[in-house]
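**Student:** Could you look at this predicted model? Sequence included:
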2 protein chains.
Amino acid sequence: MTTQLSPTERSTVRRGAKRARTERDDLHATLDAGLICHLALVVNGTPLVLPTCYGRRDDTLYLHGSTGARSLREAGDVCVSVTRVDGIVYSRSMMHHSINYRSAVIHGRVRHVEDPDERWEGLRLVTEQLAPGSWDYARQPNKKELAATSVLALDLTEASVKIRAGDPGDDDEDIEANEVWAGVLPLHQTWGTPVPSTDLIAELPVPEHVLRRS
Amino acid sequence: MTTQLSPTERSTVRRGAKRARTERDDLHATLDAGLICHLALVVNGTPLVLPTCYGRRDDTLYLHGSTGARSLREAGDVCVSVTRVDGIVYSRSMMHHSINYRSAVIHGRVRHVEDPDERWEGLRLVTEQLAPGSWDYARQPNKKELAATSVLALDLTEASVKIRAGDPGDDDEDIEANEVWAGVLPLHQTWGTPVPSTDLIAELPVPEHVLRRS
């Protein structure tokens, strides 16, 4: 795969094209910075979008779910969006108010992963994206849990990335009037203090990967 | 409209049904706590999902976009998801790792709003959700800006809400073993220090609605 994204008809950025990125590295970085994705499917002819977890290795995105989930079982063409909001853009005019964000949108057909090694690795990637460091600390999946879990793979070939950063883009008249403050209010995601489960039957130290999560 | 959500076939929660809420108030609160939504459409037979802004009044969700955006112009059946991640659930086993979240999913057909008063109110609601307090502070839309903007309405009749909060749900054997710490790492969204636009031609005070955004 090349280092550049190769847009198809449906992955060509049309609105806000100046925010489009073409480097595959930007796609990877945007996906790696996310926590959840929004997975869209067509079910009975109408769209369905659901939040779910994901993981990535190289140019494959992994999803998982219960084998009982009809939407996943029947998933064919999908679209996945990963969005991180970095701040609110306060402009002089309402219509130029905006968001600073990193957004990746992927189109493709999911592959139901059958190979045991790839299923294992897919699950590891999904749970490590959710909780880095947990895979080697918590109890890993047993046979029964594995049998109840679908692992799906989505190729990152057909994808687009948009990133907005920095100042508002106001009209010259509004800038010159200088009547309205303009700027960016950054939005941070910060981890709070870990809350131990009430059913811990004896005290255990909070592991470092939870306590020091970045 | 009743105070209860009235599930249809596609808005019935199947996975994790114990997390489903049935009060319309939970839907409203979940939507009001969000910042962006993910809008799913079917375009040329395949799904498309995009992050976008929204606003709400009573049981109507409003969206806006450029009149040039083909996806919005042709939007019919849509699905909208608003998700807020409240924390990561660290369980004793990888398969019970989870997320504490508030999630609303709405199904429906968008209505292209034509009435000037409703268009104005829809725009106000969308921008006030993004930047509360800005509508009465910044320059409001002019005729040209209004003409270039589509306003869409989506009825909140067909919607589902899922909320997960609290402790991990581990298997008894894992709880009794007491070998692995379990609990929740809260995720907070916090506003940083406002960054004035570099093109402010003279200093202006940061308005209270930005400085004190909650």
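**Tutor:** Structure received.
**Student:** switch to C-alpha atoms for all contacts and neighbour counts from now on
**Tutor:** Will do.
**Student:** Show me what the helix ranked longest in chain A packs onto, helices and strands only.
**Tutor:** Criterion DSSP state H: the longest helix present in chain A is helix A:116-130. Contacting helix A:116-130 under the criterion 3 or more C-alpha pairs under 8 Å, 6 or more residues apart in numbering or on different chains; DSSP states H and E are the following elements: strand A:55-57, strand A:60-66, strand A:149-155.
**Student:** what about 6 Å?
**Tutor:** strand A:55-57 (3 or more C-alpha pairs under 6 Å, 6 or more residues apart in numbering or on different chains; DSSP states H and E).
**Student:** Tell me the strands beside the strand it packs on, with direction?
**Tutor:** strand A:60-66 (antiparallel) (DSSP bridges).
**Student:** and the strand it pairs with, C-alpha only, in CSV?
**Tutor:** This file holds the C-alpha atoms of strand A:60-66, laid out as CSV (Å, rounded to 0.1, in the frame of the first residue of the first chain):
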residue,chain,number,x,y,z
THR,A,60,-6.7,-3.1,8.8
LEU,A,61,-9.3,-2.0,11.3
TYR,A,62,-10.8,-4.6,13.6
LEU,A,63,-14.2,-4.6,15.2
HIS,A,64,-15.8,-7.1,17.5
GLY,A,65,-19.2,-8.0,18.7
SER,A,66,-21.5,-10.7,20.0
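**Student:** ok, the residue of chain A positioned farthest from its centre - contacts?
**Tutor:** Here the centre of chain A is the reference, and by C-alpha atoms, centre = their mean the most remote residue is A:A177, at 39.8 Å. Going by C-alpha atoms under 6 Å, 6 or more residues apart in numbering or on different chains, A:A177 touches no other residue.
**Student:** is the most centrally placed residue in chain A in a bridge, and if so with what?
**Tutor:** With distances taken as C-alpha atoms, centre = their mean, chain A has A:V82 as the residue nearest its mean C-alpha position (3.2 Å). Using DSSP bridges, the beta-bridge partners of A:V82 come out as A:A104.
**Student:** Need the pLDDT of it.
**Tutor:** At A:V82, the pLDDT value in this model is 98.
**Student:** need the contact list for it.
**Tutor:** Neighbour list for A:V82: A:C37, A:S103, A:A104 [criterion: C-alpha under 6 Å, 6+ apart].
**Student:** coming back round to it: what about dumping the CA coordinates of the longest helix of chain A to PDB?
**Tutor:** Taking Å, rounded to 0.1, in the frame of the first residue of the first chain, the C-alpha atoms of helix A:116-130 are listed here in PDB:
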ATOM      1  CA  PRO A 116      -8.000 -18.300  15.100                       C
ATOM      2  CA  ASP A 117      -4.700 -16.400  15.200                       C
ATOM      3  CA  GLU A 118      -6.100 -13.300  13.400                       C
ATOM      4  CA  ARG A 119      -9.300 -13.500  15.600                       C
ATOM      5  CA  TRP A 120      -7.100 -13.500  18.700                       C
ATOM      6  CA  GLU A 121      -5.000 -10.600  17.400                       C
ATOM      7  CA  GLY A 122      -8.100  -8.600  16.300                       C
ATOM      8  CA  LEU A 123      -9.600  -9.000  19.800                       C
ATOM      9  CA  ARG A 124      -6.300  -8.000  21.400                       C
ATOM     10  CA  LEU A 125      -6.100  -4.800  19.200                       C
ATOM     11  CA  VAL A 126      -9.700  -3.800  19.900                       C
ATOM     12  CA  THR A 127      -9.400  -4.200  23.700                       C
ATOM     13  CA  GLU A 128      -5.900  -2.600  23.800                       C
ATOM     14  CA  GLN A 129      -7.400   0.500  22.000                       C
ATOM     15  CA  LEU A 130     -10.000   0.600  24.700                       C
END
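**Student:** Quick one: mean pLDDT for that helix?
**Tutor:** Mean predicted confidence for helix A:116-130 is 98.
**Student:** Give me the residues contacting it.
**Tutor:** A:Y54, A:G55, A:Y62, A:V151.
**Student:** returning to what we had before: any figure for the gap between the residue nearest to the centre of chain A and A:A177?
**Tutor:** 38 Å (C-alpha to C-alpha, to the nearest Å).
**Student:** what's the answer for A:H64, then?
**Tutor:** Distance from A:H64 to A:A177, by C-alpha to C-alpha: 53 Å.
**Student:** got the buried residues for the worst-scoring helix or strand of chain A on mean pLDDT?
**Tutor:** Within chain A, no helix or strand scores below helix A:70-73, which has a mean of 71 by mean pLDDT, DSSP states H and E. By neighbour count, with 16 or more other C-alpha atoms under 10 Å in any protein chain shown as the criterion, the buried positions of helix A:70-73 are A:S71, A:L72.
**Student:** and A:A182, what does it touch?
**Tutor:** A:Y90, A:S91, A:R92, B:S197.
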